[in-house]
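[1] Mind looking at a prediction? Sequence and model below.
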Amino acid sequence: MTVRRNRKVKILATLGPASETKEQIKQLFLAGADVFRINMSHSDHPTLRSRVAKIREVEKEVGRPIGILADLQGPKLRLGIFKDTKVTLENGSNFTLDMSDKEGDVSRVQLPHPEIFGSVKEGDMLLLDDGKVRLRTIGTAADAIHTEVVTGGTISNRKGISFPDSTLSFSALTPKDRSDLDAAVEADVDWIALSFVQRPEDVAEVRKLSRGRTGILSKIEKPQAVACLNEIIELSDAIMVARGDLGVEMPLEKVPGAQKQITRAARQAGKPVVVATQMLESMITSPMPTRAEASDVATAVFEGADAVMLSAESAAGQFPLESVSMMNRIAEEVEQDPYYENIIYAQRAEPEATGADAISAASRQIAETLNLASIICYTSSGTTGLRAARERPQTPIITMSPINATARRLSIVWGLHCIVSEDAGTLDQMVDRACSTAFSEGFAKPGQRVIITAGVPLGTPGATNMLRIAFVGSDGLGGI
């Protein structure tokens, strides 16, 4: 089975009760899903292993590498309980969060997270229940945070609380996350998504624990992370614009600008960037999205994001298959738009002063100037494919790797058609294999030319230093 996408942006689909069976997963893949997300907030370890096994079965049937992302829950901060299960806070009233385990009332409630009290300063905002109720800190003590109610409302037991102005002292990894990380690495997932990143040290901690066995995708969903974005990108393998919590922790009107800032910074660094949350939210209960949602997906594609993601739409919605199909159709239409190439070209980052970037930039320019059929990258570590994608060429990119894990990890990257192939032993074998692959996968016809990039000596990770133009012969093999 040959599956070739008619778009360059990738689609992540979250698995859940609405997409649980192997047949459902296969249908989602054929409809357009390139990577599957397993949300560890709603998955135990047996569920994780079961879903990974089903995805790998589908992968064998379709003959294409499929990426798997395990999304760690991260710290969930919640209030204690109230005497009458809920209270209504009035604007201008005082309200205290403390360590007492007594039932709360209209004047106070327990905050069962002692590590937080030393991190909050006077003037810091506190957001309850996804920002529906807003408090301003007017004083602190070792065991209490005294606040004034800025935006009142009803609060019930164990509602979530966030601290957009405070850098909290605890790790982004809870004991549950550490256990889930070990289970995900053991199950050979390709990506770990780290939630509630605040600082580069959070990413470094996960990198140390994972020991290079999986890619690390940092979710940017806190203002503190935006403030040190470049440092976080440098330590991460990929980035996610997690607009749900980002829209709670910063004013909503700032989120679109933050999305562009994060997308551009990740593209500049050559790291994959995923735009997520509420992209086709209404399709949880409707077979069609709103016009605004379609425009939202289109905006992410126009920005050159590597991937767009579906959450509840594919995991628990009534129309998971329709949601993936709709996202696929929107992306295809945008990429055929006459403005698309000009916008992508205008956003293109200048190559960095490395041999790999020089080769990748040259291969894009040559391919577009000579109207070549495809750019073919041999890659062991994935670096060659990443640098090729950073150029955002008009020409299709094929990445060929002898390593399954590399091909799967690259399935999240813009424009890459990933192939698992044995390493070539000689330059002639490399050219023949590249040309025959471009021919068999439908990217090139006999008589057309392709450009091949690789590292010499062959199989040397991270040493992209060669490019070669070859004709596709009548037999599908290569010639100079």
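    Arrived safely, thanks for sending. Residues are numbered from 1 along each chain as shown.
[2] Now do the phi/psi pair for the residue nearest the centre of the chain.
    In the chain, the C-alpha nearest the mean C-alpha coordinate belongs to residue 274, at 3.7 Å (CA atoms, centre = their mean). Torsion angles at residue 274 (phi, psi; degrees, to the nearest 10) stand at phi -110, psi 130.
[3] Who are the contact partners of it?
    12, 217, 238-241, 305-309, 412 (CB atoms under 8 Å, 6 or more residues apart in numbering). In short, each C-beta sits where N, CA and C put it, glycine included.
[4] at 7 Å instead, please
    Shown in contact with residue 274 (CB atoms under 7 Å, 6 or more residues apart in numbering): 12, 238, 240-241, 305-307, 309.
[5] mind checking how far it is from residue 160?
    23 Å (CB to CB, to the nearest Å).
[6] Looking at the protein, which helix is longest?
    Ordering each helix of the chain by length in residues (DSSP state H) puts helix 45-62 first.
[7] Remind me what the helix or strand harbouring residue 96 packs against, helices and strands.
    Using DSSP states H and E, residue 96 sits in strand 94-98. With contacts defined as 3 or more CB pairs under 7 Å, 6 or more residues apart in numbering; DSSP states H and E, the packing partners of strand 94-98 are strand 108-110, strand 144-151.
[8] Can I get these in CSV including mean pLDDT, mean neighbour count and distance to residue 443?
    Converted to CSV, those look like this (pLDDT from 0 to 100; neighbours: other CB atoms under 10 Å; distance: least, CB to CB, whole Å):
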stretch, mean pLDDT, mean neighbour count, distance to residue 443
strand 108-110, 97, 21, 61
strand 144-151, 97, 18, 55
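[9] could you give me the average pLDDT of the one helix or strand residue 28 maps to?
    According to DSSP H and E, residue 28 maps onto helix 22-31. Helix 22-31 comes out with an average pLDDT of 98.
[10] Can you give me the buried ones in it?
    Neighbour-count burial for helix 22-31 flags 22, 24-29, 31 (criterion: 16 or more other CB atoms under 10 Å).
[11] After it, which helix or strand is next?
    Following helix 22-31 in sequence order, the next helix or strand is strand 35-39 (DSSP H and E).
[12] re the thing from before, as TSV, the helices and strands packed on strand 94-98 with distance to residue 85 would be great.
    Output for the helices and strands packed on strand 94-98, formatted as TSV (distance: least, CB to CB, whole Å):
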stretch	distance to residue 85
strand 108-110	12
strand 144-151	19
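[13] wait, which of these is closest to residue 199?
    Using CB to CB as the criterion, the shortest distance between residue 199 and the helices and strands packed on strand 94-98 is 21.7 Å, found for strand 144-151.
[14] got the contact list for the closest one?
    By CB under 7 Å, 6+ apart, strand 144-151 touches 89-98, 117, 120, 126, 133-140.
[15] Apply 8 Å and report the result again.
    By CB under 8 Å, 6+ apart, the list of residues contacting strand 144-151 from outside reads 89-99, 111, 116-117, 120, 125-126, 132-140.
[16] pLDDT (mean, whole number) over stretch 289-297?
    If you average the pLDDT values across stretch 289-297, you get 98.
[17] Please identify the buried residues of that stretch?
    The neighbour-count check on stretch 289-297 (16+ other CB under 10 Å) flags 289, 293-294, 296-297 as buried.
[18] same thing with stretch 183-200?
    Burial within stretch 183-200, assessed by neighbour count using 16+ other CB under 10 Å, is assigned to 183-185, 187, 189-200.
[19] The residues you listed: which two are farthest apart?
    Comparing every pair within the buried residues of stretch 183-200 by CB to CB identifies 187 and 199 as the most remote, at 28.2 Å.
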